[in-house]
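S.K.: Sequence plus predicted model, see below.
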Amino acid sequence: MTEHGQDPGERIEQSADQLEQDLERLEGHIDDAKDHLKERQADAERLEQVEDVAGDWEEKRPDPHKPQGDDPAE
């Protein structure tokens, strides 16, 4: 036995177990991030669809010299 009370084989096995647990935890974080990304992409696609339906009204400004509404000549 070593000064820590474990033989080197046990320490290696515990380290391997810890690494495996850490890997599983990180894989879970990656899966969560992928799910979040898919949600954000779906939100962006819905926003693009709304913009397509609404049109690009911001770029279409009326001519300030052309009267709007009823014809003033009448």
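M.R.: Ah, there it is. Fair warning: this is a prediction, and the values are worked out from it, not measured in the lab.
S.K.: Quick one: the helices in the chain, in order.
M.R.: Here the chain has its helices, by DSSP state H, at 8-54.
S.K.: Pass me the low-pLDDT residue ranges in it, would you?
M.R.: For the chain, the stretches with pLDDT under 70 are 1-4, 51-62, 67-74.
S.K.: switch to 50 and redo it
M.R.: 1-2 (pLDDT under 50).
S.K.: Could you check how many residues crowd around Q6?
M.R.: The tally of other residues near Q6 (other CB atoms under 10 Å) stands at 13. For every residue, glycine as well, the C-beta is placed using N, CA and C.
S.K.: Any chance you could list what contacts stretch 12-28?
M.R.: Stretch 12-28 is touched from outside by Q6, with contacts defined as CB atoms under 8 Å, 6 or more residues apart in numbering.
S.K.: going forward, begin numbering at 7 instead of 1
M.R.: Understood, numbering begins at 7; the last thing we discussed is stretch 18-34.
S.K.: Output it in CSV with nothing but the alpha carbons.
M.R.: The C-alpha trace of stretch 18-34 is given here as CSV (Å, rounded to 0.1, in the frame of the first residue of the first chain):
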residue,chain,number,x,y,z
ILE,A,18,-6.1,4.2,-11.8
GLU,A,19,-9.5,2.5,-11.7
GLN,A,20,-11.0,5.4,-9.6
SER,A,21,-9.5,7.9,-12.0
ALA,A,22,-11.0,6.0,-15.0
ASP,A,23,-14.4,5.9,-13.3
GLN,A,24,-14.2,9.6,-12.6
LEU,A,25,-13.3,10.4,-16.2
GLU,A,26,-16.2,8.3,-17.4
GLN,A,27,-18.6,10.1,-15.2
ASP,A,28,-17.2,13.5,-16.3
LEU,A,29,-17.5,12.4,-19.9
GLU,A,30,-21.2,11.4,-19.4
ARG,A,31,-21.9,14.8,-17.8
LEU,A,32,-20.2,16.6,-20.6
GLU,A,33,-22.1,14.6,-23.2
GLY,A,34,-25.3,15.6,-21.4
